[in-house]
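Peer 1: fold the following and give me the result.
(one chain, ligands or ions: 1)
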Amino acid sequence: MYDRGEWRLHFVCRHEIDPGPPGDEVAGVDLGISNFAAVSFGDEGILYPGGALKEDEYWFQKERAKCDDSASAEAVRLDRKRTERRSHFLHALSKDIVERCAERGVGTIIVGDLSGIRGGEDWGDSGNLDLHGWAFDRFTQMLGYKAEEHRINVEQVDERGTSKSCSVCSTKDGSQRVERGLYVCESCGTVANADINGAENIREKVLPSLACDGGDRDNGWMAQPAVRLFDKSTGRVRPQEQVMGRKP
Ligand SMILES: [Zn+2]
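Peer 2: Numbering: from 1, shown residues only. Okay, the predicted model is just below:
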């Protein structure tokens with residue numbers, strides 16, 4: 001097809017899908033700026049850093065600033081390329097999350113709904129808000145239809161308060177703190193990755209009984225999430241040690 005001055009070849013692949021019945025497990029997903037997504041399975045956590053998205057954004061902003069005329073062919077080309085790269089990142093991420101969920105027998109994915117906290121003070125500059133507001137909406141949409149192929153439900157819950165309270169003992173009295181990405185609870189002694197704590201709180205929003213077990217569970221996993229990175233050379237998401245070529 002001919003599209004805005006250039007010929008493009010489009011491929012459409014149709015494939016039959018026959019997923020098994022969905023599992024009973026529930027996963028929680030917390031969206032954020034430094035970790036684009038943190039996923040909690042209740043006994044295991046995975047982080048998806050957003051660095052590749054931010055690096056791209058920075059590069060495109062720089063290149064775009066060199067264009068004198070925002071309607072020029074080069075400016076239009078850059079804008080389209082930027083949108084494609086963003087979309088590709090979000091596709092790769094949502095696909096990986098759904099696959100990891102399907103592997104673990106997850107039947108329901110709970111995603112924090114950020115509409116209530118947009119415009120809050122935690123967002124840094126407005127560039128972050130513009131990019132991530134758009135990206136979170138797109139991501140949640142993609143996660144929904146990719147999950148559907150595996151008969152996994154995606155639900156959104158209000159995520160207000162999920163970064164502040166302790167996912168182990170539910171304490172939210174202000175004695176908790178976040179240091180270098182770690183959430184530390186004085187009440188029960190839990191030390192967790194802050195985004196995984198958030199994701200676990202989101203997960204527990206649909207499992208209210210879990211929050212009352214007073215820390216009898218082993219919570220060591222919360223401090224040691226796996227990290228999966230977007231690999232720019234292949235355009236896929238892989239374990240950090242494979243992308244970096246070494247153990248973290
Ligand atoms: Zn606690």
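
Peer 1: run a quick neighbour tally on the residue nearest to K232 when sequence neighbours are not counted.
Peer 2: Spatial nearest neighbour of K232, chain neighbours left out: A52 (6.1 Å); criterion: Cβ to Cβ, 6 or more residues apart in numbering. Where C-beta positions appear, they are placed from N, C-alpha and C, glycine not excepted. Residue neighbour count, defined by other Cβ atoms under 10 Å, stands at 22 for A52.

Peer 1: same thing with V206?
Peer 2: Neighbour tally, V206, other Cβ under 10 Å: 13.

Peer 1: which residue packs closest to the most centrally placed residue in the chain, ignoring adjacent ones?
Peer 2: Of all residues in the chain, the one closest to the mean position by Cα atoms, centre = their mean is A37, 2.0 Å from it. In this structure, A37 finds its nearest non-sequential neighbour in Y48, 4.3 Å apart by Cβ to Cβ, 6+ apart.

Peer 1: please apply the same query to E155.
Peer 2: Nearest residue to E155 in three dimensions, chain neighbours excluded: I110, at 5.4 Å (Cβ to Cβ, 6+ apart).

Peer 1: repeat that for F36.
Peer 2: G50 (3.4 Å).

Peer 1: same question for V227.
Peer 2: The shortest distance from V227 to any residue other than its chain neighbours is 4.0 Å, reached at Q240 (Cβ to Cβ, 6+ apart).

Peer 1: contacts only, for the one you found.
Peer 2: A226, V227, R228, L229, P248 (Cβ atoms under 8 Å, 6 or more residues apart in numbering).

Peer 1: which pLDDT value goes with the last one?
Peer 2: We have a pLDDT of 43 for P248.

Peer 1: on the pLDDT front, check the residue nearest to E155 for me.
Peer 2: pLDDT for I110: 97.

Peer 1: also R217?
Peer 2: R217 is assigned 68 on the pLDDT scale.

Peer 1: next one: E186
Peer 2: Looking at E186, its pLDDT stands at 89.

Peer 1: that one - how many residues pack around it?
Peer 2: For E186, the neighbour count with other Cβ under 10 Å is 13.

Peer 1: could you verify that it is part of a strand?
Peer 2: No: looking at E186 with DSSP: H, G, I helix; E, B strand; the rest coil, it is coil, so not inside a strand.

Peer 1: that one reaches C166, doesn't it?
Peer 2: No: using Cβ atoms under 8 Å, E186 is not in contact with C166; the gap is 9.2 Å.
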